[in-house]
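Novice: Sequence plus the predicted model coming up.
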2 protein chains.
Amino acid sequence: MKEAGDRRPVTEARDPAFTPAPGAPAIAAAATTNEDGQWTMPAKDFASSRYSGLTEITTDNVRNLKLAFTFSTSVLRGHEGAPLVVGSTMYVVTPFPNILYALDLENAGALKWKYEPKPEAAAQGVACCDVVNRGAAYGDGKIVFNTLDDHTIAVDTTGKLVWDTKLGDINLGETMTMAPLIAKGKVFVGNSGGEMGVRGWLTALDLGNGKIAWRAFSTGPDKEVLIGARFNPHYASDRGKDLGVTTWPGDAWKIGGGTVWGWISYDPALDLLYYGTGNPGPWNPHQRPGDNKWTSGIFARDPDDGEAVWFYQWNPHDVHDYDGINEQILLDVASNGGTRNVLVRPERNGYVYVLDRRTGEILSATPYGYITSSKGVDLESGRLVIADDKVPQIAKVVENICPAAPGMKDWQPSAYSPRTGFVYLPHQNLCMDWEALEANYIAGTPYVGANVKMYAGPGGNRGVMSAWDVANRREAWAIPERFPVWSGTLVTAGDVVFYGTMEGWFKAVHARTGQVLWQFKTGSGIIGQPITYRGPDGKQYVAILSGVGGWSGAVVAGNLDTRDSTIALGFANAMKDLPRHTTKGGMLYVFSL
Amino acid sequence: MKEAGDRRPVTEARDPAFTPAPGAPAIAAAATTNEDGQWTMPAKDFASSRYSGLTEITTDNVRNLKLAFTFSTSVLRGHEGAPLVVGSTMYVVTPFPNILYALDLENAGALKWKYEPKPEAAAQGVACCDVVNRGAAYGDGKIVFNTLDDHTIAVDTTGKLVWDTKLGDINLGETMTMAPLIAKGKVFVGNSGGEMGVRGWLTALDLGNGKIAWRAFSTGPDKEVLIGARFNPHYASDRGKDLGVTTWPGDAWKIGGGTVWGWISYDPALDLLYYGTGNPGPWNPHQRPGDNKWTSGIFARDPDDGEAVWFYQWNPHDVHDYDGINEQILLDVASNGGTRNVLVRPERNGYVYVLDRRTGEILSATPYGYITSSKGVDLESGRLVIADDKVPQIAKVVENICPAAPGMKDWQPSAYSPRTGFVYLPHQNLCMDWEALEANYIAGTPYVGANVKMYAGPGGNRGVMSAWDVANRREAWAIPERFPVWSGTLVTAGDVVFYGTMEGWFKAVHARTGQVLWQFKTGSGIIGQPITYRGPDGKQYVAILSGVGGWSGAVVAGNLDTRDSTIALGFANAMKDLPRHTTKGGMLYVFSL
């Protein structure tokens, strides 16, 4: 199978010293090696593999999968979350109003308790792209999650509040939608609001009492970015004093975005956290000349004190809303240069990057879809080579910018199987027209400055589910989908990949071939993250939240008027037919053989 | 099995001339005899059997039932509706805002189109007991349904509006929640609002153009009740001029209730419609001395001109909110007196009535649960014998009135199998305390005059699913349930009975023994009506809407504060634990082998 549409020839960048050995690379040590059958964090493990060692469900028997139980979340907005399974309890956190449910897996998912944080209703008005929540995390007897109105909350396994810490201000446009990571007795969380003039940050809280341990901003002076003596980025353009100020005009860094609303990985051996920063604001690039550090890049930090160790900027002076917040999968790869500790990042700008996760050096950057917005990555400087004719202009519509603003892939996380060596990539095939406008900053209101109109890329399919062969840096197989594949993915030791479509199909495909082995029509479009676990009865279960929404599905979840093609920051234009294919929903589906 | 709780000895009334022959009686000629595999009206057929001749799903294989597809209705209120199946299309109408969906059964229920009538939001404020809708009906290429704001709407099979007729006024407290019946080129619909000082009516519209053919009020002068020369009730107390006025004080009949929000049956051979009238208003009986004709009774009418042929009053001068609107199942019973054309009515006051449907004569009235509010039915006069000590008093709490206001059984329809001779009765086991208050009439506001508090009846189970042996006038088996069984029932030629619980279990039980053969946990409590059909692939499917609410589930659907025991007209007190067992939802589930 081949992804629909030709690719504009863009150069692959590759360090010749990095030549992965044939065969599958191993998951980093940070991943779960002894499968315990639980699912205690959305990414399954610190390496963000979303790989389960469970083997009961196989490519041979997955066609017999049937529904074990369902649970209505009582919320009808976009469900981007991953359920958690700890012992015999499942935890589900909903979109706003962010209800946390505990379900009894010994009793067909019967409700054990619910915790209702009752976030401020006004938070809904400052969420750019639906009122989603990407899940909770479990650690030390606590379920920790964020609310749209900027609280991080820890609840114990009986449903009792342990602590509740307010971290942001909706009046400044800040919200929180990401799933926390818990490591080394700390909870790591970041803010959302890159379209509202928000200044991004990652914050560490003490897991025991919720007190703030440190906060690292994504813009501003080094001391606020927690850049100090240990900071040693690989590329020259990331070196210098207070670049978080000097790469911005005037005080623009104070409202410059770089929000931290995506995924965090952790390597216990190197003792480093990895996470990306969002787009610079406003979208209109002419209002912020300079590299706009430290937006649209990736930080490696010490989890104890937050000190930055390295940084790499995917998109210096981003001009296309290419947030840098996607998942990073930590792998140890045998190469001709010896085993390399890498991270694999399928980035919004259309390249799968492989970085040395000790240093931030790019080992390769390979296009995984149709790209017109750049011409490749310069390995010497580390910089993306922008296509000049695709830079947005004031009072002029620049056409056919690919990928579109949500990127080749947005937040929706991929999975990696050490059995196949493939990364399973849910993604988009969208292009856009863009006219830049002057944006005016008013606290807590949209600060964008762009008229964007998106549409399908070459081939007409707006989404793709593909397998990326890490060792050979090429697509192994691809399934074109009508709509963006906005769900997460899961891969198992039974060689089955699970993902969902925005029409509502939950699909199981063969990890090696991409053959669709089974599919089930859920009640609403799927943008959630599939998980699998071993139930109290010893059987393997697969769970997914169905409930369309998110940026891509806001036209349904928010009842938007698609006659205005710039609605939903231009995404609505590409999704005009979604209301004909699905309806709002909010339901957990749990399957077993 | 035995229903939990003893029964206060109440007399069974029975005409000795009516002694059904042993063995199963036949369904009336009005029922579908040649099973076409469709489901074109909520009751399946004019006889209201809710019996399907499909036989693929049996007591032996029902344990293998699995989910074929689901569909989110995008509404989170109580889903009391029955889906329809016409050809290869399923039609689902939601609670307010009453969206009509057409789903493609050749394509896993993919959305074909939807019709959104956009009823007035203010209608929600005058709906006494959640904003439910009990389903649509199909006839002559049109799907016909009611909206909460009192429109009857016909849409063609492509989703195009054919006609839209406004029939009531929400400013007077009128709403519409019932499912229309279509017969003889006419659509029959009635109003809701017995708790709002509404005057009840049944209206016939022309199926072709939606024009009103006739309207029969439930109170008022004979000419407005369409009582004329043909009217020949069996009992003396129903004879006399303008009883709809003279059995009320002053003008109280104008705001006296008798709404028509339940079920209509039709006998083509006798050419008679049968339907019940709701409770008199206000609930406080001391404000309306007299029999309060024609409330809480049953009419037989000519469908062409609406002329009344007979009437029987279940509850003359009702004092307990015993609406008379339940389903009537039309059966032809072989008896020692020759074959009798009867209707079987499991009534809210706690008796299963068998009436001669030619004349309105009671053949038997047998208790099917625990009754304290009456002592039996007098066959001579036809009148219910009220227990004087259970009549509500002003400024005094009368305790332990059983059944409670929702009756032994409310709107939730039973099914009848000609193979077993059993009626499958979903019902309640609730009692109540009642203090009467003076009610003041203000148009469009509650007009009740009662402080009611409900609780479980003897045994503690609040619901029962039972099988009623028509020939032997006794319970064949019963399944106690924690909550009221507020769903409809379905029985098939495979001898499987389907019903749902308010916790969300969808159950299949053996029609002869009541043995639970299969159950499935849906995402929300079930109060919908199960149906079955033959799909385009020739397989048998079973469909049910899950989504808790209605009067019994309003505590969840309306987020009511259960600390006030009189909330939801006293029902909330009996349902305080419901929020711990289920969540709001709105999802169609379709199963097959």
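Specialist: On my side now, so go ahead.
Novice: quick one: contacts for the residue in the stretch 351-500 of chain A positioned nearest to chain B?
Specialist: As assessed by C-beta to the nearest C-beta, chain B sits closest to residue A:482 within the stretch 351-500 of chain A, at 11.6 Å. Glycine gets a C-beta too; all of them are placed from N, C-alpha and C. Residue A:482 makes contact with A:461-463, A:501-503, A:581, according to C-beta atoms under 8 Å, 6 or more residues apart in numbering or on different chains.
Novice: now residue A:345
Specialist: Residue A:345 makes contact with A:276, A:298, A:314, A:326-329, A:352-355 under the criterion C-beta under 8 Å, 6+ apart.
Novice: can you do 6 Å?
Specialist: Counting by C-beta atoms under 6 Å, 6 or more residues apart in numbering or on different chains, residue A:345 makes contact with A:328, A:353.
Novice: In chain A, where's the longest helix?
Specialist: Across chain A, the longest stretch assigned as helix under DSSP state H is helix A:550-557.
Novice: Other residues contacting it?
Specialist: Helix A:550-557 is contacted from outside by A:77-78, A:80, A:129-130, A:132, A:484, A:486, A:525, A:527, A:548-549, A:560, A:562, A:568, A:571-572, A:575, A:578-579, A:584, using C-beta under 6 Å, 6+ apart.
Novice: would you list every one of the helices in the stretch 101-250 of chain A?
Specialist: With DSSP state H, counting those that start in this stretch, the ranges of helices along the stretch 101-250 of chain A come out as A:222-225, A:243-246.
Novice: Can you lay out the ones you listed as JSON lines showing distance to chain B and mean pLDDT?
Specialist: Formatted as JSON lines, these follow (distance: least, C-beta to the nearest C-beta, whole Å; pLDDT from 0 to 100):
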{"stretch": "helix A:222-225", "distance to chain B": "43", "mean pLDDT": "98"}
{"stretch": "helix A:243-246", "distance to chain B": "44", "mean pLDDT": "98"}
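Novice: ranking those by burial, who's on top?
Specialist: Comparing these by mean neighbour count (mean count of other C-beta atoms under 10 Å in any protein chain shown), helix A:243-246 comes out on top with a mean of 21.
Novice: partner residues bridging residue A:311?
Specialist: Residue A:311 forms beta bridges with residue A:299, as assigned by DSSP bridges.
Novice: wait, doesn't it sit right on residue A:234?
Specialist: No. Residue A:311 lies out of contact with residue A:234 (C-beta atoms under 6 Å); the separation is 8.9 Å.
Novice: Mind checking which of those two has more residues around it?
Specialist: Using other C-beta atoms under 10 Å in any protein chain shown as the criterion, residue A:311 and residue A:234 rank with residue A:311 on top: 25 against 17.
Novice: ok, so what distance separates that one from chain B?
Specialist: Distance of residue A:311 to chain B, given as C-beta to the nearest C-beta, to the nearest Å: 43 Å.
Novice: Residue A:535 too?
Specialist: Distance, residue A:535 to chain B, by C-beta to the nearest C-beta: 14 Å.
Novice: same deal with residue A:79?
Specialist: Distance of residue A:79 to chain B, computed by C-beta to the nearest C-beta: 11 Å.
Novice: Likewise for residue A:587?
Specialist: As judged by C-beta to the nearest C-beta, residue A:587 and chain B stand 5 Å apart.
Novice: Backbone dihedrals for that residue, please?
Specialist: phi -140, psi 140 (degrees, to the nearest 10).
Novice: Correct me if wrong: it contacts residue B:523.
Specialist: Yes. Residue A:587 is in contact with residue B:523 according to C-beta under 6 Å; the separation is 4.8 Å.
Novice: Excluding chain neighbours, what is closest to residue A:385?
Specialist: Using C-beta to C-beta, 6 or more residues apart in numbering or on different chains and skipping the chain neighbours, the partner closest in space to residue A:385 is residue A:375 (4.4 Å).
Novice: got it, and residue A:87?
Specialist: Residue A:87 sits nearest to residue A:38 (C-beta to C-beta, 6+ apart), 7.4 Å away.
Novice: number of nearby residues for that neighbour?
Specialist: Other residues close to residue A:38 by other C-beta under 10 Å number 18.
Novice: Quick check: pLDDT value at it.
Specialist: The per-residue pLDDT reported for residue A:38 equals 97.
Novice: Then residue A:15?
Specialist: Note on residue A:15: pLDDT of 81.
Novice: ok now do it, which residues does it touch?
Specialist: Counting by C-beta under 6 Å, 6+ apart, residue A:15 has contacts residue A:363.
Novice: can you check the one 4 residues further on too?
Specialist: With contacts taken as C-beta under 6 Å, 6+ apart, residue A:19 has the following neighbours: A:335-336.
Novice: how close does it sit to chain B?
Specialist: 46 Å.
Novice: try residue A:578
Specialist: To chain B, residue A:578 is 10 Å away according to C-beta to the nearest C-beta.
Novice: Kindly report the same for residue A:511.
Specialist: Counting by C-beta to the nearest C-beta, the separation of residue A:511 from chain B is 24 Å.
Novice: Name the SS class of the residue lying closest to residue A:314 once chain neighbours are set aside, please.
Specialist: Nearest-residue entry for residue A:314: residue A:324, 4.7 Å, with adjacent residues in sequence omitted and distances by C-beta to C-beta, 6+ apart. On the three-state scheme (DSSP: H, G, I helix; E, B strand; the rest coil), residue A:324 is labelled coil.
Novice: burial count for residue A:324?
Specialist: 29.
Novice: From the contact counts, what lies against the helix or strand hosting residue A:426?
Specialist: Here residue A:426, judged by DSSP states H and E, is contained in strand A:422-428. Secondary-structure packing of strand A:422-428 (3 or more C-beta pairs under 6 Å, 6 or more residues apart in numbering or on different chains; DSSP states H and E): strand A:463-469.
Novice: can you rerun that using 10 Å?
Specialist: Packing contacts for strand A:422-428, counted by 3 or more C-beta pairs under 10 Å, 6 or more residues apart in numbering or on different chains; DSSP states H and E, involve strand A:340-346, strand A:415-417, strand A:463-469, strand A:474-481, strand A:490-492, strand A:496-500.
Novice: quick one: the last one near chain B?
Specialist: No. Where contact is defined by C-beta under 10 Å from any C-beta of the partner chain, no part of strand A:496-500 touches chain B; the two come within 12.9 Å at best.
Novice: following that strand, which helix or strand comes up?
Specialist: Following strand A:496-500 in sequence, per DSSP H and E, is strand A:505-510.
Novice: Can you work out which residues contact both of residue A:311 and residue A:234?
Specialist: Contact criterion C-beta atoms under 10 Å, 6 or more residues apart in numbering or on different chains; residues shared by residue A:311 and residue A:234: residue A:360.
Novice: which bits of the stretch 1-150 of chain A sit near chain B?
Specialist: Neighbours of chain B within the stretch 1-150 of chain A, by C-beta under 10 Å from any C-beta: A:64-76, A:94, A:99, A:101, A:107-114.
Novice: Please list only the buried members of those.
Specialist: A:65, A:67-76, A:94, A:99, A:101, A:108-114 (16 or more other C-beta atoms under 10 Å in any protein chain shown).
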